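Trainee: Let's see this in three dimensions:
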Amino acid sequence: MDSALSVIGGADGPTSVFLAAGGNQLLSGLVIVIAYFIGNISPAILISKTKGTDIRQAGSGNAGTTNMLRIYGKKAAAATLMIDLLKGVVAVSLGAAVGGPYVSFLCADAVILGHIWPVLYGFRGGKGVATGLGVLLAVSPAIGLIAAMLALSVIGWTKRVSAGSMAGAGVVPFLAYWIKPAFVPYGIFMVFMIVVKHRGNLKRLLKGEEPKMKL
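Mentor: Here you go, the predicted model:
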């Protein structure tokens, strides 16, 4: 067995024996699973159900901030945005505390995966943008802020939230290459998930059929 045997003792002798390496790996794996289920927490779905509906059956059908704004207004949208952001921050911070940078990066992808494809809601979640921003702000505030500024600029120019979202996501691997190279492969997977979820928006953008957002 490769795991190192660790002994925690006291004046009266050992009080606890455990496998340090194996224990750390198990804990890291558990935290990654927890990150996925943190992603499953959907404020959009939960808030809409308090109103007797399901946001996935209204508007664009997406369980995210933009659709909440269209259907339920600014307060519901703001609550959705803040909770989804917080999910990303909490998942990455938890991973960093338990297993360091690489576990935090795995938690970053896991929480987005859980947000987009939540097992608790039949694998029908949001598009991962707000949670992705929370992830980036926790991984590297510089990457998060630059990506957010680009996204807002594109939204302001095109009046299309999806265009800004994909622009902000798409620049992440390049920013990571310069600012936090170790995050590059995890950032690429993050972008892949978000773009896959936005594939319908992308088709409409290319056809000029994507509706504009009234800002």
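Trainee: how about the strands in the protein?
Mentor: 5-10, 13-19 (DSSP state E).
Trainee: Was I right to think residue 152 contacts residue 164?
Mentor: Yes: under the criterion of CB atoms under 8 Å, residue 152 makes contact with residue 164 at 6.5 Å. Placement of C-beta: from N, CA and C, glycine included.
Trainee: So for these two, which sits in the more crowded spot?
Mentor: Taking neighbours as other CB atoms under 10 Å, residue 152 and residue 164 compare with residue 164 leading, 22 against 14.
Trainee: How about the contacts made by residue 94?
Mentor: By CB atoms under 8 Å, 6 or more residues apart in numbering, the contact set of residue 94 is 31, 34, 35, 104, 107.
Trainee: how about low-confidence regions in the chain?
Mentor: For the chain, the stretches with pLDDT under 70 are 1-23, 214-215.
Trainee: most residues in a single helix of it, which one?
Mentor: helix 74-99 (DSSP state H).
Trainee: what two of the contacts of residue 94 are the furthest from one another?
Mentor: Farthest pair in these (CB to CB) is 34 and 104. Separation: 12.6 Å.
Trainee: Looking at the two, which is more packed in?
Mentor: Taking neighbours as other CB under 10 Å, residue 34 and residue 104 compare with residue 104 leading, 25 against 19.
Trainee: what's the distance between the more buried one and residue 47?
Mentor: Going from residue 104 to residue 47 by CB to CB, to the nearest Å gives 28 Å.
Trainee: now do residue 134
Mentor: Counting by CB to CB - residue 134 and residue 47 are separated by 18 Å.
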